[in-house]
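Chemist: structural data only, the sequence is not supplied:
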């Protein structure tokens, strides 16, 4: 009897795992949330993205523009270098004259240092310069 119950439980788990999670558009939203989304969809974002892309990278500009059309941010910049060559230099905003935003505007970036630190720690580990199991004080005496 317990065996049948376990089979039933595993079938239910399979159903849950295979159940497709609703996309943002499919989720049940409150009237207030729907009103906010409708307002966001009405934002005129014509001409908000400026800058240059190297030939062959036009799709990046299209995606960057979609980001603003969905009103996911008020201002953003994207710069991509390959070696010393700047191949993508885009910036955009939906604020217009309220707060002019251009390629030289300063951008606040939160918690970006964590990603860089993690990548660098991985590189140091691969080169055998750091051991994940060693105490921090082996590398930073003042920490202890």
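Modeler: That came through fine. Just so it is clear, the model here is predicted, and its values are computed rather than measured.
Chemist: and the helices in the protein?
Modeler: 2-18, 31-41, 58-69, 112-126 (DSSP state H).
Chemist: averaging pLDDT over each of those helices, which comes out lowest?
Modeler: Ranked by mean pLDDT, the helices of the chain end with helix 31-41 at the bottom, a mean of 53.
Chemist: and residue 93, how many neighbours?
Modeler: Neighbours of residue 93 under the rule other Cβ atoms under 10 Å: 21. In short, each C-beta sits where N, CA and C put it, glycine included.
Chemist: surely it is in contact with residue 77?
Modeler: No. Look at residue 93 against residue 77 with Cβ atoms under 8 Å: they stay out of range, at 9.6 Å.
Chemist: domains of this structure?
Modeler: Listed by automatic domain parsing, the domain ranges of the chain are 30-104, 115-144.
Chemist: which one of those domains is the most hemmed in?
Modeler: With neighbours taken as mean count of other Cβ atoms under 10 Å, these reach their highest mean count in domain 30-104, at a mean of 13.
Chemist: which residues touch the closest residue to residue 49 other than its chain neighbours?
Modeler: Distances taken as Cβ to Cβ, 6 or more residues apart in numbering place residue 92 nearest to residue 49, at 3.9 Å, with adjacent residues excluded. With contacts taken as Cβ atoms under 8 Å, 6 or more residues apart in numbering, residue 92 has the following neighbours: 48-51, 64-65, 68, 75-76, 101.
Chemist: quote the end-to-end distance of stretch 94-107.
Modeler: This stretch, stretch 94-107, spans 15 Å end to end (Cα to Cα, to the nearest Å).
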